[in-house]
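>>> A structural model of the following input is requested.
(chains A and B)
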Amino acid sequence: AQSVTQPDIHITVSEGASLELRCNYSYGATPYLFWYVQSPGQGLQLLLKYFSGDTLVQGIKGFEAEFKRSQSSFNLRKPSVHWSDAAEYFCAVGASGGGADGLTFGKGTHLIIQP
Amino acid sequence: AAGVIQSPRHLIKEKRETATLKCYPIPRHDTVYWYQQGPGQDPQFLISFYEKMQSDKGSIPDRFSAQQFSDYHSELNMSSLELGDSALYFCASSKRPSSHEQYFGPGTRLTVT
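Predicted structure coming up:
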């Protein structure tokens, strides 16, 4: 069974500073990997996804993530955060078998932006 | 572009009542997925449907049932509601069974009192 670990429950970053959110996954084959962002009481917005090809993936809002198979990681990065980036961030893994499998989410990382 | 539609957006029920949540997938999407997100929790996969047949099953309680209709919309039926069922319920859809092309709806917030 697949699983996702987000080691950091909360992260505080100053506005304008760089950001890295960690994500480790467990899956038997090459997984499909995702980062979603959720504002309080809101839906899930897809930031970026990886399922093949270039291991550095560009997403929306200036985010990027790098797939590292050797480390089973898919960390999310942003060079300069804005106050509007404060939200909950979820890493998720999906099966690559082609069925209508549900995604498995990590517990989330709550991002706080300091002025 | 059309998105996934969920109704109602908010629902308040009392314990032991029943609730029905509806999901209308993106046009031409034939696969629907349901997720439950409790307060402060990560989304948990409940169940999925492809071409009106159950495709995959996650941690859906026996009190819950779901189905997909001929127009591909889906309904999640929840009976004997418990306080712990209070959560945000997301529906997602995809053009075919695929875990990497799921588009999420805005969610239905269910509050059980």
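
>>> show me where the chain has its strands.
Answering for chain A, as no chain was given. Using DSSP state E, the strands of chain A run over residues A:3-5, A:10-14, A:19-21, A:24-26, A:32-38, A:45-50, A:56-58, A:64-68, A:73-78, A:87-94, A:104-105, A:109-114.

>>> wrong one, chain B
Counting by DSSP E, the strands of chain B are B:5-7, B:10-13, B:19-24, B:31-37, B:44-50, B:53-57, B:64-68, B:74-78, B:87-94, B:103-104, B:108-112.

>>> can you tell if the first one touches chain A?
If I follow you right, that is strand B:5-7. No. Strand B:5-7 stays clear of chain A (C-beta under 8 Å from any C-beta of the partner chain), getting no nearer than 9.1 Å. Every C-beta, even on glycine, is put in place using the N, C-alpha and C of the backbone.

>>> just to revisit the earlier point, just put the strands of chain A in a markdown table and tack on distance to residue B:13.
Converted to a markdown table, the strands of chain A look like this (distance: least, C-beta to C-beta, whole Å):
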| stretch | distance to residue B:13 |
| --- | --- |
| strand A:3-5 | 31 |
| strand A:10-14 | 33 |
| strand A:19-21 | 36 |
| strand A:24-26 | 36 |
| strand A:32-38 | 24 |
| strand A:45-50 | 28 |
| strand A:56-58 | 41 |
| strand A:64-68 | 39 |
| strand A:73-78 | 37 |
| strand A:87-94 | 26 |
| strand A:104-105 | 25 |
| strand A:109-114 | 29 |
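
>>> which one of the ones you listed lies closest to residue B:109?
Residue B:109 sits nearest to strand A:32-38 of all the strands of chain A, at 13.1 Å, using C-beta to C-beta.

>>> what mean pLDDT does that closest one get?
Strand A:32-38 shows a mean pLDDT of 94.

>>> now swap in stretch A:60-80 and tell me
96.

>>> for residue A:51, list the residues it contacts.
A:30-33, A:96, B:100 (C-beta atoms under 8 Å, 6 or more residues apart in numbering or on different chains).

>>> check those and tell me the two furthest apart.
For these, the farthest-apart pair by C-beta to C-beta is A:30 and B:100; their separation is 11.3 Å.

>>> overlap in contacts, these two.
Common contacts of residue A:30 and residue B:100 (C-beta under 8 Å, 6+ apart): A:51, A:96.

>>> near chain B, which residues of chain A?
Contact residues (C-beta under 8 Å from any C-beta) of chain A with chain B: A:32, A:34, A:36, A:41-44, A:46, A:49, A:51, A:90, A:94-96, A:98-108.
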